[in-house]
Structure formats: C-alpha cells, structure tokens
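Colleague: I need the structure of the sequence given here:
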Amino acid sequence: MPNQRRVTRRLGLQVLLAAAVTVPLSSAISVSSASSTPSATLRAGRAAPSAPPRRAPRLDVMTYNLRYASTAEPNSWSDRRPVMRELLRRAHPQVIGTQEGLYQQLLDIEADLGPHYDWIGTGREGGSRDESTAIYYDVRRLAPVEHYTFWLSDTPEVIRSNTWHAAFPRIVTWVRFRDLADDGREFYVANTHFDQRSQYARERSASLLTQRIAEFDPALPVVVTGDFNAAAHKNAAYTTLVGSGLVDAWDAAERRSTLYATFHGFHRLKRNGDRIDWILTSPGVTTHQATIDTFSTHGQFPSDHLPVQVSLSLR
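Modeller: Numbering: from 1, shown residues only. Now for the predicted structure:
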C-alpha cells in the first residue's frame, strides 16, 4: 500500500489530524532478541545438534458486535456492561475486533479489560461521537506497527463517504501488529461492519476489502474480523471474500463449539442458525478452535450478538 495512504487515526483525535499522513509506528517500536551459546564443548568433527523448531504461540482473536450503548430499557448499557466485562475477562483474547462501539462505551470496555489492553479506532463519521470498528489488543503480547481506516465507498479516503446507498457510512480499520511473543513476527488484523440494509453495499464492500487486503505485504498473515450482516455460505459478499483466498476460520477449525445464530436480538438463541459475524484468515493460518460464546447472567446478554472467538497459529 503506497505510503501516502498510510494514515493514523486514533479515536478522539481531531478529524483533520486523522487525515494527516504519518510515519509508520514501527519507527518507534523495537523488539530485542537474545542469542545463546552451547554450554558444552562439542567433539571434533561432530555438528551441533539442531534445536527443534520453536512452536509459535497461539493467538486468540474475537469478533464482537457490542450493540451500541443506550439508556433505553430493557438491555441498557448499564445493565449489559457488567455482563460484558465478565465475558471478556473470562475469554481474555489477545485481539478483539469490535463493531458499533460508541466512544464512552469503548472507554468503559478499556477500563473493564484492565491495564494490559489498548485500542485503535475512529468513528464512521470521522470523529468520536459515532459508531466505531475499534480493535482492542493485549499490550503484553502485541505492539501496533501501523494502522489505517478507510470508508467503504467509491471514495475510500473521503471521511463520511457513502456512495453505495448504505444506511450509514461504513468503514474498515486495520492494524499491522508485531507479536512480542513470536520473535516480532508481524501480521494484519482488518475489522469491519458491513451495512445491514443494502445488499449492493455489502457486495461492493466485500470487493473493496479484498482489493485492500491484496495491497498488504503478501509475506504477512491476515486476520479479518467483522459483522458482515450476511449469512456465511448464503451471500454473495461471503462468496467474494472466500473466493479471494480468505479462509473461514469456523469451517477450518480443528474443533468447534455448538453453532448458534450469531445475532439473537436479545431473544431465544437459535441452534444451527446463520453466522453473520465471521473471522477469516489468509491461507496457511491454522485454526485450532472456534467458539460462539453464549455467556449470559440471569438472562441478560452483553449484546444482541454472540461473540465468535478463534485460537490461531499464524505459522
């Protein structure tokens, strides 16, 4: 991706700052590595035994439509927040791709996750008062190298642009991370929320997302999280994304939980229902386990969606 389109957007910054070109964050981040020497002298002529390859640590990734914070009852944010806090603390993923979060709600979740998490994102209107596709990450494991937000439209770099008749402007936020537990290996996470009203917008959004992913460094793994408002295996937007080479982590998982429809609207859960919240990966990523989390407390769900979580090996 050309450098002139690498832009930093942190929620809470002024929109004009959000549109300014920045230096990639990698210039300020370094990862140290240590070398070791044999503790015993080898016999003459005998080669040192090769060490077995180090197993890459697993990465737990979640996608979660948070349901925007509201004071309306039932299911107000004040009622849902304690349940959300408990679910996230029990799951403790290293990456959470979120949808619909409002600024104060995102700050609440940051506080509830504790001091080891940070987040990156901006509102779909280009500021801090509207819904976001924020990405949370565990700072003990991951360091952001660069990040960017673009709009799902014919003019992706134009803030608030909406040219495909979507109900709202829609965005993608992506981050290139450095894995501090895997010798500084880098990978991408792209997080999005497709439109709920327009199938045309969903199909165009899928095409643009695949084009942008194709501009990433091809040597690095990619993980895509999102609420796509489209049923897996039943929608052209899904077909476009998996047809580009992305892998549906749910289908690829070595082990899976019970399947439920990921949108429940605060009603009874539906077994074997449609997955509209997905996690996709580039080929070569191994999905060990995929889970749809049905946690609730006394009938109170944290959101009108169920989160999807996967455990990955990126190599």
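
Colleague: in the protein, which spans are helices?
Modeller: Assigned by DSSP state H, the chain shows helices spanning 15-18, 77-91, 103-113, 199-214, 236-243, 249-252.

Colleague: Nearest to residue 148 among those helices would be which one?
Modeller: Among the helices of the chain, helix 199-214 comes nearest to residue 148, with 9.0 Å by CB to CB. (Glycine included, C-beta is placed from N, CA and C.)

Colleague: now the angle from that closest one to helix 236-243?
Modeller: Interaxial angle, helix 199-214 versus helix 236-243 (axes from the mean of the first three to the mean of the last three CA atoms, to 10 degrees): 20 degrees.

Colleague: Please work out which residues outside helix 199-214 touch it.
Modeller: Contact with helix 199-214 is made by 1, 150, 152, 156, 164-166, 170, 172, 174, 188, 190, 192, 194-195, 222, 224, 228-230, 235-238, 240-241, 244, 246, as judged by CB atoms under 8 Å, 6 or more residues apart in numbering.

Colleague: mind running it again at 7 Å?
Modeller: With CB atoms under 7 Å, 6 or more residues apart in numbering as the contact definition, helix 199-214 has outside contacts at 150, 152, 156, 164-166, 170, 172, 190, 192, 194-195, 222, 229-230, 236-237, 240-241, 244.

Colleague: Which among those residues count as buried?
Modeller: Buried members of the contacts of helix 199-214, scored by 16 or more other CB atoms under 10 Å, are 150, 152, 156, 164, 166, 170, 172, 190, 192, 194-195, 222, 229-230, 237, 240-241, 244.

Colleague: Give me the buried positions along stretch 221-239.
Modeller: Going by neighbour count (16+ other CB under 10 Å), the buried part of stretch 221-239 is 221-232, 235, 237-238.

Colleague: Low-confidence bits of the stretch 1-150 of the chain, can you list those?
Modeller: 1-54, 56 (pLDDT under 70).

Colleague: Can you show me the strands along it?
Modeller: Listed in chain order, the strands found in the stretch 1-150 of the chain under DSSP state E, counting those that start in this stretch are 59-65, 95-99, 117-120, 135-138, 142-151.

Colleague: Determine the set of other helices and strands touching the second one.
Modeller: Read that as strand 95-99. Packed against strand 95-99 by the contact rule (3 or more CB pairs under 7 Å, 6 or more residues apart in numbering; DSSP states H and E) you find strand 59-65, strand 135-138, strand 185-193, strand 222-227.

Colleague: Neighbouring strands of the second one in the sheet, and parallel or not?
Modeller: Strands flanking strand 135-138 in the sheet, each with its direction: strand 95-99 (antiparallel), strand 117-120 (antiparallel) (DSSP bridges).

Colleague: Quick one: residues contacting the residue lying closest to residue 202 once chain neighbours are set aside.
Modeller: The shortest distance from residue 202 to any non-neighbouring residue, by CB to CB, 6 or more residues apart in numbering, is to residue 237 (4.2 Å). By CB under 7 Å, 6+ apart, the residues touching residue 237 are 194, 202-203, 205-206, 228, 230.

Colleague: can you do 8 Å?
Modeller: With contacts defined as CB under 8 Å, 6+ apart, residue 237 is in contact with 194, 199, 202-203, 205-206, 228, 230.

Colleague: Distance to residue 263 and pLDDT for the residues you listed - can I get that in TSV?
Modeller: TSV is the format used below for those (distance: CB to CB, whole Å; pLDDT from 0 to 100):
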residue	distance to residue 263	pLDDT
194	13	98
199	16	98
202	15	98
203	20	98
205	18	99
206	19	99
228	11	99
230	11	98
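
Colleague: and which of the residues you listed is nearest residue 254?
Modeller: Closest approach to residue 254 among the contacts of residue 237 (CB to CB): residue 228, at 23.4 Å.

Colleague: on that earlier part again, of all the strands of the stretch 1-150 of the chain, which one comes closest to residue 126?
Modeller: When the strands of the stretch 1-150 of the chain are ranked by proximity to residue 126, the top entry is strand 142-151, at 8.7 Å, counting by CB to CB.

Colleague: Against residue 236, how distant is residue 200?
Modeller: For residue 200, the distance to residue 236 under the criterion CB to CB, to the nearest Å works out to 10 Å.
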